[in-house]
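Asker: Build me a model from this:
(one chain, ligands or ions: 2)
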Amino acid sequence: MLEADPDSGITLLRSGEGLERVSLKGLELRLLASGDGTELILHKLSAGSHWGLSPADGWTALEGLFMISGRLRWTGGAGDKRVLQAGDFLSASPVLKEAVFVAETDVEFLYCSSQPVFHHYSNQIRELMSLAVDIEQKDGYTADHCHRIMRLSMMLGETMALSSTELAYLNFGSFLHDVGKIKVPDSILGKPGKLTDEEWRVMRMHPTFGRQMLHETGLPSLLSAGPIVEQHHERFDGSGYPLRLKGSEISVASAIVAVVDSYDALTTNRVYRPGIPKAEALDEIDRSRKMYHPEAVEALFQNRDRLDG
Ligand SMILES: [Fe+2]
Ligand SMILES: [Fe+2]
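Answerer: Ligands and ions are numbered 1, 2, ... in the order given. As a prediction, the model looks like this:
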């Protein structure tokens with residue numbers, strides 16, 4: 001365990017150790033040191049995972065990232081892509097615009113910040129993420145639903161060349177799309193039979209509940225992801241809910257989550273029925289094209305070979 005040398009004030013962490021550790025799927029954070037407002041956090045991302053830097057009100061930190069191993073792709077503010085490799089160092093003081101990073105391989109890097117972020121990130125976001133996973137399970141999905149929606153949404157977002165800011169919000173918005181279902185009573189969420197009109201009315205409020213919950217955290221990246229959550233059941237032809245928005249009134253990021261969520265609902269096994277094969281699900285989306293943003297459907301079809309199922 002942690003070795004300290006009181007005479008010199010030095011703490012020694014051996015390989016694999018950390019003061020605190022957080023593991024989310026695809027991401028492991030290890031707090032190496034914390035003092036005088038500064039934090040050093042070791043990040044491990046598995047291939048395909050995303051990570052980001054965001055500006056925030058009152059946030060003036062110096063932030064830096066030193067690559068230890070692997071390949072990390074960074075999309076810059078103007079949409080240009082660069083690859084970071086072992087030995088590369090990137091910093092900002094402060095970060096002015098969202099930056100999104102994608103792990104092309106398993107990646108390890110040291111992140112430092114002159115303002116503490118570890119608990120902030122680890123508590124609030126982790127709580128919401130685990131809430132989102134739990135609630136989908138209550139609604140008959142497996143624990144992987146949120147992760148799949150996030151992975152597919154980011155795939156489509158990249159195909160559609162969304163800006164790094166939009167991708168940063170899409171990352172959270174897609175994962176947390178259904179978190180508002182936590183406010184829908186279990187008697188409605190778990191009801192085996194048909195819902196009454198009144199029960200449907202409550203069920204259809206989950207996107208709004210979700211936006212409110214993100215808003216309540218006060219975290220900038222979640223505030224901005226709120227509208228994505230609120231609009232994920234809106235449909236391009238105006239047949240969705242809760243606001244009955246249509247066409248360009250719906251944010252492109254939500255339009256992506258909408259088509260991905262439908263595809264996933266068709267292809268995955270739910271507790272009450274098995275999923276259908278990929279090709280049939282794509283045919284089904286094709287038949288109901290008018291409900292979805294045409295570019296989002298196109299992006300889904302373009303990624304056809306990368307879809308599971
Ligand atoms: Fe939903
Ligand atoms: Fe969903």
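Asker: Show me what from the stretch 201-309 of the chain comes close to ligand 2.
Answerer: residue 261 (Cβ under 5 Å from the ion). (C-beta placed from N, C-alpha, C; glycine too.)
Asker: can you do 8 Å?
Answerer: By Cβ under 8 Å from the ion, the residues of the stretch 201-309 of the chain that approach ligand 2 are 232, 261, 264, 265.
Asker: Filter those down to the buried ones, ChimeraX style.
Answerer: In ChimeraX, this line selects whichever of those come out buried by 16 or more other Cβ atoms under 10 Å:
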select :232,261,264
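Asker: now stretch 69-87, how far from the centre of its chain.
Answerer: Computed by Cα atoms, centre = their mean, to the nearest Å, the chain-centroid distance of stretch 69-87 equals 19 Å.
Asker: Also stretch 35-44?
Answerer: 22 Å.
Asker: what does stretch 243-253 give?
Answerer: Once both centres are worked out by Cα atoms, centre = their mean, stretch 243-253 turns out to sit 20 Å from its chain's centre.
Asker: Any chance you could list what contacts it?
Answerer: With contact meaning Cβ atoms under 8 Å, 6 or more residues apart in numbering, stretch 243-253 is reached by 153, 157, 160, 162, 166, 169-170, 173-174, 227-228, 230-231, 234-238, 258, 293, 295-296.
Asker: Just name the shakiest helix or strand of the protein by mean pLDDT.
Answerer: helix 118-120 (a mean of 73; mean pLDDT, DSSP states H and E).
Asker: how far away is the one residue in the stretch 101-250 of the chain that gets nearest to ligand 2 from residue 83?
Answerer: Nearest residue of the stretch 101-250 of the chain to ligand 2: residue 178, at 4.6 Å (Cβ to the ion). Look at residue 178 and residue 83: by Cβ to Cβ, to the nearest Å, they are 34 Å apart.
Asker: Tell me which of these two has more neighbours.
Answerer: residue 178 (27 against 12; other Cβ atoms under 10 Å).
Asker: is it true that that one touches residue 135?
Answerer: Yes - shown here, residue 178 and residue 135 form a contact pair, counting by Cβ atoms under 8 Å, at 6.2 Å.
Asker: Get me the contact residues on the stretch 51-200 of the chain for ligand 2.
Answerer: 136, 139, 141, 145, 146, 149, 177, 178.
Asker: who touches residue 108 in this structure?
Answerer: Shown in contact with residue 108 (Cβ under 8 Å, 6+ apart): 42, 43, 44, 45, 67, 68, 69, 70.
Asker: Counting neighbours, what do you get for the first one?
Answerer: When counting by other Cβ under 10 Å, one arrives at 18 neighbours for residue 42.
Asker: distance of it from ligand 2?
Answerer: 32 Å (Cβ to the ion, to the nearest Å).
Asker: Now do the phi/psi pair for that residue.
Answerer: Note on residue 42: its backbone torsions stand at phi -80, psi 130 [degrees, to the nearest 10].
Asker: closest point of the stretch 201-309 of the chain to ligand 2, which residue?
Answerer: residue 261 (4.5 Å).
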